[in-house]
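Visitor: here is the input, now give the coordinates:
(one chain, ligands or ions: 2)
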Amino acid sequence: MKTITLTRPDDWHIHVRNGAVLKTVLPHTARQFARAIIMPNLKPPVTTVAQALVYREEILQAIPDGMDFTPLMTLYLTAATSTEEIKKAAECSFVHAVKLYPAGATTNSDAGVGNIPAIYPLLAALERYGLPLLVHGEVTDEGCDIFDRERVFIERHLSDIAKNFPALRIVLEHVTTSEAVQFVESANTNIAATITPQHLLFNRNALLAGGIRPHHYCLPILKREQHRLALVAAATSGNPKFFLGTDSAPHLTALKETACGCAGCFSAPAALELYAEAFEKVGALDKLEGFASFYGADFYRLPRNSGSVTLAKSEWQIPAVCGEDDVAITPLKAGETLSWKLL
Ligand code: NCD
Ligand code: ZN
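Guide: Numbers count the residues shown, from 1 in each chain. Ligands and ions are numbered 1, 2, ... in the order given. Sure thing, here's the model as predicted:
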């Protein structure tokens, strides 16, 4: 059987929620990844170090016995965040970044930032204390077409942030456009990006052509094929600015298959295998280890993992649903057959 072995990978952007959903989804990630950057968009959001430590404990409790997994915590930036809290976060070994959600951009982002220039003192504090800023890069104004929101965010906000804070480490999360790829490529080495499996595998036809597919709906939304091709080229280029972040974002099936469905793809049950498919399609499996296991750790200034995982060329079916009845969650590509399997 054909196999590939990689240094244990990490997921540099994931939503694991809390309560019963956390217990359902976390084992999938802990099985595949050594560490993950945990998004703070709970209800209410994780805005302080004290809250992050409580959330971390809840995550640790949800790790199945015998699995070795480390959650890397983040804080949710708001207009009310203080520079003292940022200093505290930088001094806390469990907190690894701060997340900027433009208010209203995505799931649980109501408490996000409305006026970005107004939080420049906080960005200055992040730069000073060496804590990375993670950015959901989309504008939120009704007047901006949803397919343009990432490009416009870069033009209107991110370029200025990068100019004003050249030493600030920034991850432009879940990039979806060729413009984002170009921005990151041409920026200084403090600016990197994560890429999700769905944006490598699908364009917007997978969401809208031949029927509307709510499980392919996430934010930023899937774009045209030309953008997908730019993302695949970036992910498989060996450029250390691009690394793995699934953005696995579980929502109950009932909240996705409805008149106004939630944004988010639950990719955790087959995350690494989905990336392997995307890399194999362009003959770039040799580039998977850097993307999945090295570049993110290097960017976050954490040691690379020891140990390894092996993927085998072996068909298996993604389950139709994960979780018990009241926490039923439909995975990305539910019921479909994948050709790589994590052993
Ligand atoms: C995420 C979620 O559900 O929390 N949804 C998504 O579509 N990606 C939020 C986010 O990362 O935008
Ligand atoms: Zn996300």
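Visitor: contact distance from ligand 1 - what residues of the stretch 151-300 of the chain qualify?
Guide: Neighbours of ligand 1 within the stretch 151-300 of the chain, by C-beta under 6 Å from any ligand atom: 218-219, 247, 249, 263-264. All C-beta spots, glycine's among them, are computed from the backbone N, C-alpha and C.
Visitor: need these in CSV with neighbour count, secondary structure and pLDDT, can you?
Guide: Compiled in CSV, these are given as follows (neighbours: other C-beta atoms under 10 Å; DSSP: H, G, I helix; E, B strand; the rest coil; pLDDT from 0 to 100):
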residue, neighbour count, secondary structure, pLDDT
Cys218, 27, coil, 98
Leu219, 22, coil, 98
Asp247, 26, coil, 98
Ala249, 27, coil, 98
Ala263, 16, coil, 98
Gly264, 22, coil, 98
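Visitor: biggest separation within those, which pair?
Guide: Asp247 and Ala263 (10.1 Å; C-beta to C-beta).
Visitor: give me the common contacts of those two.
Guide: Common neighbours of Asp247 and Ala263 (criterion: C-beta atoms under 8 Å, 6 or more residues apart in numbering): Cys218.
Visitor: if we can go back for a sec, what is the nearest of the residues of the stretch 151-300 of the chain next to ligand 1 to Val175?
Guide: Asp247 (10.5 Å).
Visitor: what residues are up against that closest one?
Guide: Here Asp247 is in contact with 13-15, 173-174, 194, 196, 218, 264-265, 267 (C-beta under 8 Å, 6+ apart).
Visitor: just the ones of the residues you listed in strands?
Guide: Among those, the members falling in strands (DSSP state E) are 13-14, 194.
Visitor: where do the strands sit along this protein?
Guide: Using DSSP E, strands in the chain cover 3-7, 11-14, 35-38, 70-76, 95-100, 133-135, 170-172, 191-195, 242-244, 308-317, 337-342.
Visitor: give the contact list for Asp110.
Guide: With contact taken as C-beta under 8 Å, 6+ apart, Asp110 is in contact with 103-104.
Visitor: now the strands of the chain in TSV, with mean neighbour count, mean pLDDT and distance to Asp148?
Guide: Shown next, in TSV, are the strands of the chain (neighbours: other C-beta atoms under 10 Å; pLDDT from 0 to 100; distance: least, C-beta to C-beta, whole Å):
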stretch	mean neighbour count	mean pLDDT	distance to Asp148
strand 3-7	16	98	36
strand 11-14	28	98	22
strand 35-38	26	99	27
strand 70-76	23	98	25
strand 95-100	25	98	19
strand 133-135	24	98	17
strand 170-172	26	98	16
strand 191-195	26	99	18
strand 242-244	26	99	22
strand 308-317	14	98	37
strand 337-342	17	98	33
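Visitor: give me the pLDDT for the residue lying closest to Asp326 once chain neighbours are set aside.
Guide: In space, Asp326 comes closest to Ala20 once its chain neighbours are excluded; the distance is 7.3 Å by C-beta to C-beta, 6 or more residues apart in numbering. Note on Ala20: pLDDT of 97.
Visitor: over to Gly211?
Guide: pLDDT, Gly211: 97.
Visitor: okay, now it: neighbour count?
Guide: 6 (other C-beta atoms under 10 Å).
Visitor: and Ala312, what are its bridge partners?
Guide: For Ala312, the beta-bridge partners are Thr3, Lys341 (DSSP bridges).
Visitor: I'd guessed it sits against Glu273; true?
Guide: No - taking C-beta atoms under 8 Å as the definition, Ala312 is not a contact partner of Glu273, at 10.0 Å.
Visitor: what's the overlap in contacts for the two?
Guide: 340-341.
Visitor: now find how far off-centre stretch 16-26 is within its chain.
Guide: From the chain centre to the centre of stretch 16-26 is a distance of 16 Å (C-alpha atoms, centre = their mean, to the nearest Å).
Visitor: for Asn188, which non-adjacent residue is closest in space?
Guide: Pro166 (6.4 Å).
Visitor: what values do phi and psi take at that neighbour?
Guide: Torsion angles at Pro166 (phi, psi; degrees, to the nearest 10) stand at phi -60, psi -20.
Visitor: pretty sure it contacts Thr189?
Guide: No - counting by C-beta under 8 Å, Pro166 does not reach Thr189; the two are 10.5 Å apart.
Visitor: what's around Tyr234, how many residues?
Guide: If you look again at residue 234, you'll see it is Ala, not Tyr. 22.
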